[in-house]
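1. What would the 3D arrangement of this be:
(4 chains)
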2 protein chains.
Amino acid sequence: MPKSKVSSAAPPRATKGYHHGDLRSALIHTALGMVTEEGAWDFTLREVARRAGVSHMAPYNHFEDKSALLAEVAALGFESLRQTLEAAARGQPRSARQAFGDIAAAYVRFGVEHPSHYRLMFSPELAEKARYPVLEAATAGACAVLTGALERGQASGDARRMARRDQALAAWSLVHGLTTLLIDQRVSFLRVSIGDAEQYTRQAGIALFRGLGAKKA
Amino acid sequence: MPKSKVSSAAPPRATKGYHHGDLRSALIHTALGMVTEEGAWDFTLREVARRAGVSHMAPYNHFEDKSALLAEVAALGFESLRQTLEAAARGQPRSARQAFGDIAAAYVRFGVEHPSHYRLMFSPELAEKARYPVLEAATAGACAVLTGALERGQASGDARRMARRDQALAAWSLVHGLTTLLIDQRVSFLRVSIGDAEQYTRQAGIALFRGLGAKKA
DNA sequence: CAGCCGATATTTACAACGTAAACATGAATG
DNA sequence: CATTCATGTTTACGTTGTAAATATCGGCTG
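-> This is a model prediction of the structure:
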């Protein structure tokens, strides 16, 4: 590992600067741009290299294979999602229930506004082939905001029927399922409009929150 | 390579028999076998043709392109899912709430037992490129069983706070999200075991059901 | 400063893919 | 029997992921 060249620092981190400067993060951000600006969640590695101005084999000096680069881009998505959820959690809701509705709405809105990136974040080939610690950490970070909202709701006095972990799983399932159904247009036969995503989310989220926090029947 | 009129395929035996017998459904069932028996949800068209014993271009006489064949296999998955849900709905639950829990558990179990097929059924490339009426119809059919359980729950006397459509959307989002999170192992950091899928589903499903049906706060 | 070394980047190569186009086949119809 | 047209094959092209060999260059030791 050579020492860091303090000279040129880009928006990301500039660790090493042999030939290109910092090809690793340049590739990640090029791929990120392709995912966010265009609708291509399933881009090719060669195209990323092409846009970065390097040969199609250069990425292999920084990433094990194509999936490893995809995992980095997906991890950036989860970090962005976490920031979005944290911003929503900083609001001043009138109740814990509404606070949860705010976060749920922010989650679904993120997916609706960045469908390609969201699809990449949950792309099955990133979950099957190998384990990517960066991805898992970023995923857990985003999930933690959801669970935080639930715990704050419990602190308000409602009896707790389920373990925190199970509540988090239920909440995440709801918002994730709703997001994927909406952005993949799998509910067209229900006459669902993607423009009403926030309304659907608040209704469903608040219902689940009520059901989770209800006292023992 | 001349003809091979052997009696090697075609469980369904359908329409016409020019050269092969019924290549169209033979291809669908070959692909179905590849998806269910192996773990390959993302198979290649050439491999399907290879296993069916035809040239790699023969499928294009029956399907527009690769996605069209995938859509047929996905539609079969939704029909199978519908049957599974209907079987679960034929039980004798003690309450509407438990009936919904039964169906939700059956839904998630289907996904957990057929992860490759489930992933294909919700593959983004089937939702983006084109519209497949067969797929949409099969999807709606499976969803109808879920909505039926909800409507029966309402008939038991609970006040209805949300439109039926919105309730169906919420219920489907919950079970679909939970299924995908479980089979893609996206919740490993929550120490979730896929063996406890049914328990998670019943807890979450019953909580949502309670929240949906609750009287006005 | 010379010279090597190892990290970085390129070139070349290969097998596999999706699919377009041209061609072959053979059952049904006149 | 000859024609036709749906069906199936052959060939071909451009693209992909990636392995192997090669070239380039900065930083280290002498």
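
2. and residue A:50, how many neighbours does it have?
-> 13 (other Cβ atoms under 10 Å in any protein chain shown). C-betas here are computed from N, CA, C, even on glycine.

3. which helices and strands sit right next to whichever helix or strand it is part of?
-> For residue A:50, the element it lies in under DSSP states H and E is helix A:45-52. Under the contact criterion of 3 or more Cβ pairs under 8 Å, 6 or more residues apart in numbering or on different chains; DSSP states H and E, helix A:45-52 touches helix A:23-37, helix A:66-89.

4. need the contact list for the residue nearest the centre of chain A.
-> The centroid of chain A falls nearest to residue A:78 when counting by Cα atoms, centre = their mean (3.0 Å). Each residue near residue A:78 by Cβ atoms under 8 Å, 6 or more residues apart in numbering or on different chains is listed here: A:121, A:135, A:138-139, A:141-142.

5. Roughly how far does it sit from residue A:107?
-> 12 Å (Cβ to Cβ, to the nearest Å).

6. ok, now residue A:132?
-> Counting by Cβ to Cβ, the gap from residue A:132 to residue A:107 is 22 Å.

7. Please apply the same query to residue A:163.
-> 21 Å.

8. What sits closest to the residue nearest to the centre of chain A if chain neighbours are left out?
-> Distance criterion Cβ to Cβ, 6 or more residues apart in numbering or on different chains; nearest residue to residue A:78, sequence neighbours excluded, is residue A:138 at 3.6 Å.

9. which element is that neighbour on?
-> Judged by DSSP H and E, residue A:138 forms part of helix A:133-155.

10. Which one of the residues in chain A is closest to chain B?
-> For chain A, the residue closest to chain B is residue A:177, as judged by Cβ to the nearest Cβ, at 2.6 Å.

11. Neighbours of that residue, how many?
-> Applying other Cβ under 10 Å, I find that residue A:177 has 24 neighbouring residues.

12. Pull the contacting residues for it.
-> B:172-178, B:180.

13. need these in CSV with secondary structure, can you?
-> Shown next, in CSV, are the contacts of residue A:177 (DSSP: H, G, I helix; E, B strand; the rest coil):
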residue, secondary structure
B:172, helix
B:173, helix
B:174, helix
B:175, helix
B:176, helix
B:177, helix
B:178, helix
B:180, helix
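
14. Format the residues you listed as JSON lines; extra columns: pLDDT.
-> Converted to JSON lines, these look like this (pLDDT from 0 to 100):
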{"residue": "B:172", "pLDDT": "97"}
{"residue": "B:173", "pLDDT": "98"}
{"residue": "B:174", "pLDDT": "98"}
{"residue": "B:175", "pLDDT": "98"}
{"residue": "B:176", "pLDDT": "98"}
{"residue": "B:177", "pLDDT": "98"}
{"residue": "B:178", "pLDDT": "98"}
{"residue": "B:180", "pLDDT": "98"}
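
15. of those, closest to residue A:112?
-> Nearest to residue A:112 out of the contacts of residue A:177 is residue B:173 (Cβ to Cβ; 13.3 Å).

16. Relative to chain A, how far out is the closest one?
-> Applying Cβ to the nearest Cβ, to the nearest Å, the value for residue B:173 to chain A is 4 Å.

17. okay but that residue is in contact with residue A:178, surely?
-> Yes - if you go by Cβ atoms under 8 Å, residue B:173 and residue A:178 touch, sitting 3.8 Å apart.

18. Could you list the low-pLDDT ranges of chain A?
-> A:1-20, A:154-161, A:214-217 (pLDDT under 70).

19. is it true that residue A:152 touches residue A:99?
-> Yes - in terms of Cβ under 8 Å, residue A:152 counts as a neighbour of residue A:99; the distance is 6.7 Å.

20. Of these two, which one has the most company?
-> residue A:99 (22 against 13).

21. Can you tell me the element that one falls in?
-> Counting by DSSP H and E, residue A:99 is part of helix A:96-113.

22. Contacts only, for the closest residue to residue A:204 other than its chain neighbours.
-> Leaving aside its chain neighbours, residue A:204 sits nearest to residue B:170 (3.5 Å; criterion: Cβ to Cβ, 6+ apart). For residue B:170, the contacting residues are A:174, A:178, A:200, A:203-204, A:207-208, B:162, B:208, B:212, by Cβ under 8 Å, 6+ apart.

23. how near is residue A:134 to residue B:28?
-> Residue A:134 is 39 Å from residue B:28, by Cβ to Cβ.

24. the more surrounded of those two?
-> In this view residue A:134 and residue B:28 are compared by other Cβ under 10 Å, and residue B:28 has more residues nearby, 22 against 15.

25. Would you agree that one is in contact with residue B:77?
-> No - Residue B:28 lies out of contact with residue B:77 (Cβ under 8 Å); the separation is 11.5 Å.

26. Now do stretch A:56-64: everything it contacts.
-> By Cβ under 8 Å, 6+ apart, the surrounding residues in contact with stretch A:56-64 are A:20, A:23-24, A:27, A:45-46, A:48-50, A:52, A:69, A:72.

27. mind listing what's buried in it?
-> Within stretch A:56-64, the residues that count as buried by 16 or more other Cβ atoms under 10 Å in any protein chain shown are A:58-59, A:62-63.

28. Now do it: distance from first to last residue.
-> Using Cα to Cα, to the nearest Å, one end of stretch A:56-64 lies 14 Å from the other.

29. Pop out the phi and psi values for residue A:192.
-> Backbone torsions of residue A:192, given as degrees, to the nearest 10, read phi -90, psi 130.

30. Tell me how many other residues crowd the closest residue to it other than its chain neighbours.
-> Closest residue to residue A:192 apart from its sequence neighbours, by Cβ to Cβ, 6+ apart: residue B:169 at 6.2 Å. Neighbourhood size, residue B:169 [other Cβ under 10 Å]: 26.

31. May I have the helix or strand that contains residue B:169 as PDB, with CA atoms only?
-> Using DSSP H and E, residue B:169 sits in helix B:164-183. Output of helix B:164-183 as PDB, limited to C-alpha atoms (Å, rounded to 0.1, in the frame of the first residue of the first chain):
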ATOM      1  CA  ARG B 164     -60.700  -2.600  -0.300                       C
ATOM      2  CA  ARG B 165     -58.100  -1.800  -3.000                       C
ATOM      3  CA  ASP B 166     -55.800  -0.100  -0.500                       C
ATOM      4  CA  GLN B 167     -56.100  -2.900   1.900                       C
ATOM      5  CA  ALA B 168     -55.200  -5.400  -0.700                       C
ATOM      6  CA  LEU B 169     -52.200  -3.300  -1.700                       C
ATOM      7  CA  ALA B 170     -51.100  -3.200   1.900                       C
ATOM      8  CA  ALA B 171     -51.500  -6.900   2.500                       C
ATOM      9  CA  TRP B 172     -49.700  -7.900  -0.700                       C
ATOM     10  CA  SER B 173     -46.900  -5.500   0.000                       C
ATOM     11  CA  LEU B 174     -46.300  -7.100   3.400                       C
ATOM     12  CA  VAL B 175     -46.200 -10.700   2.200                       C
ATOM     13  CA  HIS B 176     -44.300  -9.900  -1.000                       C
ATOM     14  CA  GLY B 177     -41.700  -7.700   0.900                       C
ATOM     15  CA  LEU B 178     -41.200 -10.300   3.500                       C
ATOM     16  CA  THR B 179     -40.800 -13.100   1.000                       C
ATOM     17  CA  THR B 180     -38.200 -11.200  -1.100                       C
ATOM     18  CA  LEU B 181     -36.300 -10.100   2.000                       C
ATOM     19  CA  LEU B 182     -36.200 -13.700   3.300                       C
ATOM     20  CA  ILE B 183     -35.200 -15.500   0.100                       C
END
